[in-house]
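A.B. asks: this one's sequence-less:
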């Protein structure tokens, strides 16, 4: 499995955009980039995923570089409820690959 | 629509005791997973199932058994609990192997 590198922690002021980077220089062509977050000790929550193109949904935007070696999750207007650990994960989109490999993620703290 | 539920929420066991953790999902998902999460670490896959009546080993299967007798339920068993199995256990489900996984709230297990 390709490995991801994320900063262990980040702070962001409430109301500002939170930009969470992820390096994945060994990603393969058929591997999707997924982002999950875990608030306190709750179960992980899906945020967004993408393959090549930038993606946006009601929670966040995902910017993937053209060479696909890195990506950035953007929370456009961070709130205190966005304080969580954010995981950048790879997953192959084919039958037989059922594993999501979670690293240690980035602990994002939203500052009032 | 409750999503993914787990019982119990918290349990204390003595070394050598056995117990079963229950995961239930009401989304008619084919795939179900059991993860464990230890302090400061990401989630690690224990076992998973690709459909009713099937099970497969994940990354850390030793000391655990699973069963998927009904599509909506996935049971995780500890035959003889050990202190090393003290952890938070998360269940997840997904419609297909590459689609979003939905997680339950977790079960905290303490083995003394």
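C.D. replies: That came through, no problem. All values reported here derive from a predicted model rather than from experimental measurement.

A.B. asks: Alongside chain A, which residues does chain B contribute?
C.D. replies: Within reach of chain A by CB under 8 Å from any CB of the partner chain, chain B has these residues: B:4, B:31, B:33, B:35, B:40-45, B:48, B:50, B:56, B:58-59, B:88, B:90, B:92, B:96-98, B:100-106, B:108. Placement of C-beta: from N, CA and C, glycine included.

A.B. asks: Selecting buried members of these in PyMOL, what would you type?
C.D. replies: Those of these that count as buried under 16 or more other CB atoms under 10 Å in any protein chain shown are selected in PyMOL with:
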select buried, chain B and resi 4+31+33+35+42+43+44+45+48+50+58+88+90+92+97+98+100+101+102+103+104+106
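
A.B. asks: Sitting in strands, which of the residues of chain B next to chain A do you find?
C.D. replies: In strands, defined here by DSSP state E, the members of those are B:4, B:31, B:33, B:35, B:43-45, B:48, B:56, B:88, B:90, B:92, B:102-103, B:108.

A.B. asks: where exactly do the strands run in chain A?
C.D. replies: A:9-13, A:18-23, A:31-38, A:45-50, A:55-56, A:61-64, A:70-75, A:84-92, A:106-111.

A.B. asks: any idea of the mean pLDDT in the fourth one?
C.D. replies: Within the predicted structure, the mean pLDDT of strand A:45-50 is 93.

A.B. asks: Quick check: which ranges of chain B have low pLDDT?
C.D. replies: Judged by pLDDT under 70, chain B has its weakly predicted residues at B:1.

A.B. asks: where does chain A dip in pLDDT?
C.D. replies: For chain A, counting by pLDDT under 70, the residues that fall below are A:1-2, A:92-99.

A.B. asks: Tell me which residue is most central in it.
C.D. replies: The residue lying closest to the centre of chain A (CA atoms, centre = their mean) is residue A:35, at 3.3 Å.

A.B. asks: For that one, which residues count as its bridge partners?
C.D. replies: Under the criterion DSSP bridges, residue A:35 forms beta bridges with residue A:48, residue A:88.

A.B. asks: Please name the residues that touch the closest residue to residue A:74 other than its chain neighbours.
C.D. replies: The spatial neighbour of residue A:74 that comes closest, neighbours along the chain excluded (CB to CB, 6 or more residues apart in numbering or on different chains), is residue A:61 at 4.4 Å. For residue A:61, the contacting residues are A:48, A:54, A:55, A:73, A:74, A:76, by CB atoms under 8 Å, 6 or more residues apart in numbering or on different chains.

A.B. asks: And the buried ones among these, selectable in ChimeraX?
C.D. replies: With 16+ other CB under 10 Å as the criterion, this ChimeraX line picks the buried residues out of the contacts of residue A:61:
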select /A:48,55,73,74
